[in-house]
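Student: Here is the input, now give the coordinates:
(chains A and B)
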Amino acid sequence: MHIPDGFLNVATVATTYAVSAGGVGNAVRIANKKLGEKQVPLMGVMAAFIFAAQMLNFPIAGGTSGHLTGAALASILLGPWASVLIMTCVLIAQSLIFQDGGLLALGANILNMGIIASFSSYYVYRLIMSLMGNNKRNMLIGSFAGAWIATVLSASAAAVELAVSGVSPLHLVLPAMAGVHALIGIGEGLITGAVLGAVLAARADLLQLKPI
Amino acid sequence: MKSKWWLIGLLVCLVLASLAPLASSSPDGLERVAEDKGFIDMAQAAPFQVIADYVFPGIQNETLATILAGLTGTLILFAFVYLLSWVLVYRKRSGRSEA
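Tutor: Presented below is the predicted three-dimensional model:
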């Protein structure tokens, strides 16, 4: 759901850039304080994984495709602020090098797929874990739910930005975006759960690191 | 060997990136909505192109060009985020020793 240039008006571009700049600045400050040596290679691998996985569009119904966003995976493994940093780097590289997502829309894309997706997935996951108990099965349920909600919420945020920009009325674009991404979110949830399960089997200690 | 787990992780990412030519080329969620609601034509092309649309420039074979774009991006993101995180960890250390 990378927004290209041309969709957002000046006010929306300026607002989303300001909010994202604040969020990313805070992410840098918090990572600077809390990031540990052990997390450095994991940060790099996570960014590489999210970039590679985002290239792998899977078909959903009606001649439409979706791909992993990855914010849920990153925020559950590393914490929401670390995830904001990783998503920001991925989105900047996609916009500058691969012409995927506009330069002016970068602030909005970071807000939707970075900040909103990271925090919603992280807290939904935490909520489910604390309500249902900390075990492997609930981890998979929590990561699926977190990833699904994050996908629908970031798509809804994109819809609001499009509507505010006067591109399409909210009562049309919001249900359309949320509806398509409710399907894509199932893929996001399944992949997030599968990768977390694999990490749990191979390196369970990585999930014991303090979230950032 | 256990400390080199991330090398295996990076290798898995590179293998995933090499599968990119198999990805669905259907429009994604936002493109589908933009087509259905009639605002897809508002999209503007980027002012410059580097590895536009994940196709490495100057390579005739499109499969190869896509794989190369995927490998390039995967390595760039690993290197950049590793370096950024390393700097964030290192700067914290030097800050502490000065205090």
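
Student: Every contact and neighbour count from this point should use C-alpha atoms.
Tutor: Noted.

Student: ok, A:Ala47 - contacts?
Tutor: A:Ile86, A:Met87, A:Cys89, A:Val90, B:Thr74, B:Leu77, B:Phe78, B:Val81 (CA atoms under 8 Å, 6 or more residues apart in numbering or on different chains).

Student: Which residue, other than its chain neighbours, is closest to the residue most central in space within chain A?
Tutor: Centroid check for chain A by CA atoms, centre = their mean gives A:Ala71 as the closest residue, at 3.0 Å. Distances taken as CA to CA, 6 or more residues apart in numbering or on different chains place A:Ser118 nearest to A:Ala71, at 5.0 Å, with adjacent residues excluded.

Student: if I look at the one you found, how far off is chain B?
Tutor: 17 Å (CA to the nearest CA, to the nearest Å).

Student: quick one: low-confidence parts of chain B?
Tutor: B:1-3, B:92-99 (pLDDT under 70).

Student: hmm, the longest helix anywhere in it touching chain A?
Tutor: Criterion DSSP state H: the longest helix present in chain B is helix B:62-98. Yes. If you take CA under 8 Å from any CA of the partner chain as the test, helix B:62-98 does meet chain A, through B:70, B:73-82, B:85-86, B:88-89, B:91-92.

Student: ok, now stretch B:40-59?
Tutor: Yes. Under the criterion of CA under 8 Å from any CA, chain A is reached by stretch B:40-59 at B:Met42, B:Ala43, B:Gln44, B:Ala45, B:Ala46, B:Gln49, B:Val50, B:Ile51, B:Ala52, B:Asp53, B:Tyr54.

Student: Going by distance to A:Val45, which of the residues you listed wins?
Tutor: B:Tyr54 (19.9 Å; CA to CA).

Student: ok, the residue nearest the centre of chain B to A:Ala48 distance?
Tutor: Geometric centre of chain B, nearest residue: B:Gly73, 4.0 Å, by CA atoms, centre = their mean. Per CA to CA, to the nearest Å, B:Gly73 is found 8 Å from A:Ala48.

Student: and the residue nearest to A:Ala71, helix, strand or coil?
Tutor: Under DSSP: H, G, I helix; E, B strand; the rest coil, A:Ser118 falls in the helix class.

Student: gap between A:Met129 and A:Gly146?
Tutor: 11 Å.

Student: Kindly report the same for A:His171.
Tutor: Taken as CA to CA, the span from A:His171 to A:Gly146 is 25 Å.

Student: So which of these two has more stuff around it?
Tutor: The neighbour comparison of A:His171 against A:Gly146 (other CA atoms under 10 Å in any protein chain shown) goes to A:Gly146, with 33 against 11.

Student: Where does that one fall, secondary structure wise?
Tutor: helix A:136-164 (DSSP states H and E).

Student: Show the subsequent helix or strand relative to that helix.
Tutor: helix A:170-202.

Student: That following helix vs chain B: in contact?
Tutor: Yes. Judged by CA under 8 Å from any CA, helix A:170-202 comes into contact with chain B at A:Leu172, A:Val173, A:Ala176, A:Met177, A:Val180, A:His181, A:Ile184.

Student: List the buried residues in that helix.
Tutor: Residues of helix A:170-202 classed as buried: A:170, A:173-174, A:176-193, A:196-197 (neighbour count, 16 or more other CA atoms under 10 Å in any protein chain shown).

Student: so who does residue 67 touch?
Tutor: Looking at chain A here, since you left the chain open. Here A:His67 is in contact with A:Ala53, A:Gln54, A:Met55, A:Leu56, A:Asn57, A:Phe58, A:Ile184, A:Gly187, A:Glu188, B:Asp28 (CA under 8 Å, 6+ apart).

Student: wait, chain B
Tutor: B:Ala17, B:Ser18, B:Leu19, B:Ala20, B:Pro21.
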